[in-house]
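Novice: Fold the following and give me the result.
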Amino acid sequence: MTTLLGPRTGGATAASAPAPRTSAPAGTPRLLSDPVATALLVFCSLLPLKWWQLGVDVALPLQPDHLMWGLGVLAVGGALIGRRPHLRHVWVPVSLVPYLLWLALSVSWSVEPARSLLGVAYLTLWVVFGLFIAVGRNLGDLLTVVSRAVTVVLALHWTARIVSPGTAIHTDLHAGALRGLVEDKNLLGYWAVFGLLAAGAHTVAVWQDRRARLVPALTTLAALATILATTSKTALSMALLGVAVGGFLVALSRTRRPYGVPLTVTAVVVAPMAYLLSTGFGAILELLGRDPSLTGRVPIWNVVRFAIAERPVTGYGWDALWIAGSPTTQRFWAMHYDVPFHHAHNGYLDLAAQIGIVGLVLALVFVGSLLFRTLPQFLAEPTAPVGWLLALVVVLLSYNATEVVGFTNVTWVVLVAGSAILSRKGN
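Specialist: Numbering: from 1, shown residues only. Coordinates of the predicted model:
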């Protein structure tokens, strides 16, 4: 069996290994072409996008992201003309259905029902994009279109840096840090880590082809440069985690005892975590040169925990919090010394505040099911595309502890597409 960097040195052989589950069923046509799929991923990577982020100082009723949503829907609708019979190949992962139903129900108890309805509609469109992209593709195909989208988006961010440095570079508290076309450096930092994983894995996947590996290799370097330009310590630490996970997967793909490596790594990870939980994180953070409040995140988390305690089961409704002018939001901001914050700086707390602990559990069931499908798949078929999806989930679960990155935008589209491919009928 071919592994990430060569043949496996022991263990199961190609003849005895389970049948690969990353391939599309034979003869399944693609619902969306590569250019359309890439364009959708580019569009999802830039959301939300406002005029000021483009250096345009105008007051217009429609923002660029509204126009992009319209173009995205039109692109999908146009791509489906003449391909409606292919819709029967759309496969919805069972683990995703309860989460989507709970999201829809959250509109009924939302403190901002109109906004929740719009937010659920947007998220449903992301799900549709992911399901449509998955049709007729395997994980290798998905990795290819994601890597191409990363190349385009990085080019746009650096073009903005050159053409409009006044808006692409922070001039506030984070002066000098690159934010590109997105709202702040932390969001760009996360996206660059996402791009680093995709472009790096794509480079490994096509390494034998000198011409094919040039663009993803350059994109990998551009993603790394972007991480450094954002000056985000979180992004840098998550990039290092991604590299570590990649190295671990390479070792796992070549070991004679596939389950020996995970057990060893688990023991190595659990011991330090137990020590940190027993002694506290303050000394460790000071050793790393980090603010013990995690750059003001801890006070925000305290407010969000209070909000969750008030409505632990249902939450306040999807996308119904952290809105200027909302009485509920203003009450929580007052607990933060009247200093606004627009998300919880923790994806798990943010999700629990919006759709309750039940919604958080359902979301984790979906992501967990993807993780537990991908790991056995990697042990059976240790290739770069499978390893990429596995590394993405691991890094995402870690990153989501300090930023809100797990259940929106391009990440959500890719997770849905990957889950649909792995759980597809006939695999």
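Novice: Which residues are in contact with the nearest residue to A168 once chain neighbours are set aside?
Specialist: In this structure, A168 finds its nearest non-sequential neighbour in A160, 4.1 Å apart by Cβ to Cβ, 6 or more residues apart in numbering. (Each C-beta comes from the backbone N, C-alpha and C, glycine too.) Applying Cβ atoms under 8 Å, 6 or more residues apart in numbering, one finds that A160 lies in contact with 54-55, 167-168, 180-181.
Novice: Kindly report the same for P113.
Specialist: Counted by Cβ under 8 Å, 6+ apart, P113 has contacts 107, 317, 320.
Novice: again, only this time at 10 Å
Specialist: 106-107, 317, 320 (Cβ atoms under 10 Å, 6 or more residues apart in numbering).
Novice: rewinding a little: after whatever helix or strand the residue nearest to A168 lives in, which helix or strand is next? Please name it.
Specialist: Assigned by DSSP states H and E, A160 belongs to helix 139-163. For helix 139-163, the following helix or strand on the C-terminal side (DSSP H and E) is helix 165-168.
Novice: how big is the angle separating the helix or strand just after that following helix from helix 139-163?
Specialist: For helix 165-168, the following helix or strand on the C-terminal side (DSSP H and E) is helix 185-205. Put simply, helix 185-205 runs at 130 degrees to helix 139-163, going by axes from the mean of the first three to the mean of the last three Cα atoms, to 10 degrees.
Novice: Mind listing what's buried along the next helix or strand after helix 185-205?
Specialist: For helix 185-205, the succeeding helix or strand toward the C-terminus, using DSSP H and E, is helix 210-230. Residues 213, 215-217, 219-220, 222-224, 226-227, 229-230 are the ones in helix 210-230 that count as buried (16 or more other Cβ atoms under 10 Å).
Novice: Average pLDDT for helix 210-230, rounded please.
Specialist: In this model, helix 210-230 carries a mean pLDDT of 96.
Novice: Count the residues that sit near A168.
Specialist: 22 (other Cβ atoms under 10 Å).
Novice: give me every residue that touches it.
Specialist: 53-55, 157-162, 178-182, 188.
Novice: Could you pick out the buried ones from these?
Specialist: 53-54, 157-158, 160-161, 178-182, 188.
Novice: Could you save those residues as TSV and add columns showing distance to V42 and pLDDT?
Specialist: As requested, these are arranged in TSV below (distance: Cβ to Cβ, whole Å; pLDDT from 0 to 100):
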residue	distance to V42	pLDDT
Q53	15	69
L54	15	72
H157	11	95
W158	14	96
A160	14	91
R161	17	92
L178	19	94
R179	18	91
G180	13	92
L181	11	89
V182	13	88
L188	15	94
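Novice: got JSON lines for those residues, with distance to F194 too?
Specialist: What follows is the buried ones among the contacts of A168, written out as JSON lines (distance: Cβ to Cβ, whole Å):
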{"residue": "Q53", "distance to F194": "19"}
{"residue": "L54", "distance to F194": "22"}
{"residue": "H157", "distance to F194": "13"}
{"residue": "W158", "distance to F194": "16"}
{"residue": "A160", "distance to F194": "18"}
{"residue": "R161", "distance to F194": "19"}
{"residue": "L178", "distance to F194": "16"}
{"residue": "R179", "distance to F194": "16"}
{"residue": "G180", "distance to F194": "13"}
{"residue": "L181", "distance to F194": "15"}
{"residue": "V182", "distance to F194": "12"}
{"residue": "L188", "distance to F194": "10"}
